[in-house]
Each structure stands twice: as structure tokens, then as C-alpha cells.
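[1] What follows is a predicted structure for the sequence shown.
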Amino acid sequence: NAGVTQTPKFRVLKTGQSMTLLCAQDMNHEYMYWYRQDPGMGLRLIHYSVGEGTTAKGEVPDGYNVSRLKKQNFLLGLESAAPSQTSVYFCASSWTGGNQPQHFGDGTRLSIL
Amino acid sequence: LAKTTQPISMDSYEGQEVNITCSHNNIATNDYITWYQQFPSQGPRFIIQGYKTKVTNEVASLFIPADRKSSTLSLPRVSLSDTAVYYCLVGGPGGGKLIFGQGTELSVKP
């Protein structure tokens, strides 16, 4: 039982490149989330999904897109990477919303040069 | 959106009780308070969650006063392995209104 798995763990991009971060959960959770973590700022919600086929914006959605074609997967895309998007990205899942514990992956460390 | 504020860092010694307080003045009626622990190079891990009064589990207690504008995570008899960053999260059932505090870096010394 893997829980929440994020791929890749590390990546270096050049400004303007695109990439997709993958998140998979095997707990049959309805809700999934993407956060970014920056020094001194805690975790900030980028996008979230309340079920297969749904997505919604969080606190800091600009520059990112997401898709949830399958219940177990939640993809985060950067269409044109910028240095300001250098961060550690965490995916999480939960049965329902903020009144349920979230299960986190171990993060993707992304550097944009 | 509610803003959550917690101390940036705390120091303690092995065997002591540690209390970390989070301020959330604008908490909404249906918001819950959740605390997470994070070690370097890992994702946050759930510790405890509550709505009001006191909640206790095998690793921690959570105290929430009647006005719910703050909450206190209590770690009894900490050990070196409790050195980590602790986050307070305030969030409702909808999924999108999730506000983390900046995190409290707890350092436990021998």
C-alpha cells in the first residue's frame, strides 16, 4: 500500500520549458490537492479536485493547470516555467475536504533556471 | 480567508512537555483545525484534528478554547525524534479553503 506517490522527485527546468508532475493515490480518496512549499510561507494550495473529472483553483493557481481524468491520479502542469515557480511541490489526498486528514506524498523538488 | 499564525521556532529538552499555539482569528463556523508534522525531505504527516474543546490521541493533545480563535498542540515528554516542523491547518469541508500556518520548527535537545 503505497499511499500517495509523486513523480518525479527532482527536476531542473529552463525558463519557458513545460512539464507535468504526476500524483497517484491508492486509497480511493475523493479529494486531491496540489501545494507548493516555499521557505517561510508554509504550504499554499495551488489547485484541488473534489472528484474524478473535477478541478478547482486554490490560493495560488496562476501559471499552473491540472487534470483529474482518473480518480487515482492528479496531474499538475507548468506550461511555461518561470523562476518564481522554483519550489517543492506536494500532492495530497483525503476522503473529503478540510475536515478530514490529508495524506501527503514526499514532494517534487523543482528548480527553474 | 482565515489567516493562521504560529511561532517560527521553539526549543525544548528531552522529557519536557511542549505546547505550540496557533492563532486563527477569522476561523469560520464549519472549519476544523488540523496539525501536521514534517521531517526534512518528507511530506507532512497528520498528527491530530479537532473542532472544539479537547482532543487526545496516542501522540498528542489538541486544546481549542470556546471562541476557537486559537488552538494549542501539546506534545507530552518530547524526545529527539520529535525534532521537526509542525504546521497548523484551518479548513472547511469544501476542499478549497485550506490555510496552513507558516510552520513552527521545534528543536529538541538532549
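    The structure has been received and is ready for your questions.
[2] Flag every buried residue along stretch A:65-72.
    A:66, A:68, A:71, A:72 (16 or more other CB atoms under 10 Å in any protein chain shown). Every C-beta, even on glycine, is put in place using the N, C-alpha and C of the backbone.
[3] With stretch B:86-97 instead?
    Neighbour count says stretch B:86-97 has B:86, B:87, B:88, B:89, B:90, B:91, B:92, B:94, B:95, B:96, B:97 buried, by 16+ other CB under 10 Å.
[4] what residues does stretch B:39-52 touch?
    A:4, A:43, A:90, A:92, A:99, A:101-107, B:32-38, B:55, B:57, B:59-62, B:64, B:66, B:68, B:71, B:73, B:84-87 (CB atoms under 8 Å, 6 or more residues apart in numbering or on different chains).
[5] Buried by neighbour count, from the residues you listed: which ones?
    Listed as buried from those are A:4, A:43, A:90, A:92, A:99, A:101-107, B:32-38, B:55, B:60-62, B:64, B:68, B:71, B:73, B:84-87; burial here means 16+ other CB under 10 Å.
[6] Flag every residue of chain B that's near chain A.
    Residues of chain B lying close to chain A (CB under 8 Å from any CB of the partner chain) are B:1, B:8, B:30-32, B:34, B:36, B:41-46, B:49, B:51, B:87, B:89-103.
[7] hang on, the earlier thing: if we take the buried residues of stretch B:86-97, which one ends up nearest to residue A:81?
    Minimum separation from residue A:81 among the buried residues of stretch B:86-97 (CB to CB) is found for residue B:96, which lies at 24.6 Å.
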